[in-house]
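J.: next one to model:
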Amino acid sequence: MDATEYLAFLPLLIYGIALADLFGQWKRLLEPKGVYAPYLIFTVILTEAAVYNVFVYAELVTHLKNLSYHHYLLKLLPPFLFMLTINVFTPEKGDDTKAYFIKQMPNFFTMLAAFMATHFFYSFGEGVVTIALRSVAIVLVLVAGFTRKIWMCYLFVVIWFLSLFARADFTITM
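T.: Below you'll find the model as predicted:
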């Protein structure tokens, strides 16, 4: 194991912990109190976002060579914020999913916007469409969180789906 693989372990571990929490929430969607469309939507979106971030981390590993500690901490920020986002997103067992989701919207969407904003730290040669969608999505996420407008959750499905197409051709070039 070289130094870059060693340094990649912690961020990937953090994403793995968050993914484990998310996968644990999928069973909630089979419970009567667990089925709430916006929660279901964000469970899918967050799961895909975690998988994508683990995937692109293979590209980031090459950027870990000759990295200062300060820059390494910056590389840890996105997975750490993602894990915090998942912690805010996931209700406790027995909680009413709808009530919890609506109550947590400001916290959840603020954390999600912060996580999304950290992706400006990296350059993957993303197209203008991806960057524009991310910028618009960050603003919309904050607005949705503080206004608690549920209809905006459905708008995120469209934005997320468009971002899937914008990211579809991303290839690891290790």
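
J.: quick one: contacts for the nearest residue to Tyr154 once chain neighbours are set aside?
T.: Nearest residue to Tyr154, sequence neighbours excluded (Cβ to Cβ, 6 or more residues apart in numbering): Ile41, at 7.3 Å. (Each C-beta comes from the backbone N, C-alpha and C, glycine too.) Ile41 is in contact with Cys153, Tyr154, Phe156, Val157, counting by Cβ atoms under 8 Å, 6 or more residues apart in numbering.

J.: which residues does the strand or helix carrying Val143 contact?
T.: In this assignment (DSSP states H and E), Val143 forms part of helix 128-147. When contacts are defined by Cβ under 8 Å, 6+ apart, helix 128-147 is touched by residues 105-110, 112-113, 116-117, 119-120, 149, 152-153, 155-156, 159, 162-163, 166-167.

J.: could you list the buried residues of stretch 149-169?
T.: Neighbour counts over stretch 149-169 (16 or more other Cβ atoms under 10 Å) mark Met152, Cys153, Phe156, Ile159, Trp160, Ser163, Ala166, Arg167 as buried.

J.: so what does Phe156 have for phi and psi?
T.: Per-residue torsions, Phe156: phi -70, psi -30 (degrees, to the nearest 10).

J.: in this structure it contacts Ile45, no?
T.: Yes - with contacts counted by Cβ atoms under 8 Å, Phe156 reaches Ile45, the gap being 6.8 Å.

J.: so which of the buried residues of stretch 149-169 belong to helices?
T.: Applying DSSP state H to these, the entries found in helices are Met152, Cys153, Phe156, Ile159, Trp160, Ser163, Ala166, Arg167.

J.: let me know the closest of the contacts of Ile41 to Ala18.
T.: Phe156 (18.7 Å; Cβ to Cβ).

J.: next one: the closest one from Ser135, what distance?
T.: Here the criterion is Cβ to Cβ, to the nearest Å. By it, Phe156 lies 14 Å from Ser135.

J.: pLDDT on stretch 120-129, on average?
T.: Averaging pLDDT along stretch 120-129 yields 72.

J.: for that stretch, measure first residue to last.
T.: Its first and final residues considered, stretch 120-129 spans 14 Å by Cα to Cα, to the nearest Å.

J.: so which strand or helix has the residue nearest to Tyr154?
T.: In the assignment (DSSP H and E), Ile41 maps to helix 37-60.
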